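Chemist: next input, structure requested:
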Amino acid sequence: MAWFLLLIAGLLEMGWAIGLKYTEGFSRWLPSVLTLGAMVGSVLLLGLAMKSLPVGTAYAIWVGIGAVGTALLGMLLFGEPATAGRLISLGLIVAGIVGLKLSSPA
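Modeler: Reported below is the predicted structural model:
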């Protein structure tokens, strides 16, 4: 269950990171409320996952999911460049996430 909570927390992190773009500096109320909700939900779920997962593993995976997902969504939604170097780098982050998961005692 902790791994599932961590996955959802990472997805919510992607949501709030992308949501920040739509808030226009928190000047738009609906995107701002949704972004703040995703922030709170992400941190709460991360905290619940850390009850049974090692803190370093959980935090690194949470950040990794958020970073990779946000970078990919940036490419898809905002036309950010999808260069070979960026994609290889994102692949390395994914490899790190998988490695942490496989080597975790929990």
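Chemist: for the residue nearest in space to the middle of the chain, what are its contacts?
Modeler: Centrality entry for the chain: nearest residue to the mean C-alpha point is G66, 1.7 Å, by Cα atoms, centre = their mean. G66 makes contact with 10, 13-14, 17, 42, according to Cβ atoms under 8 Å, 6 or more residues apart in numbering. Heads up, the C-betas are built off the backbone N, CA and C, glycines and all.
Chemist: that one: which element?
Modeler: Using DSSP states H and E, G66 sits within helix 55-78.
Chemist: M39 too?
Modeler: Secondary structure from DSSP H and E places M39 in helix 29-49.
Chemist: against which helices or strands is that helix packed?
Modeler: For helix 29-49, the contact count by 3 or more Cβ pairs under 8 Å, 6 or more residues apart in numbering; DSSP states H and E identifies helix 2-23, helix 55-78 as packing neighbours.
Chemist: got a list of contacts for that helix?
Modeler: 2-3, 5-6, 8-10, 12-13, 15-16, 19-20, 22-24, 26, 58-59, 62, 66.
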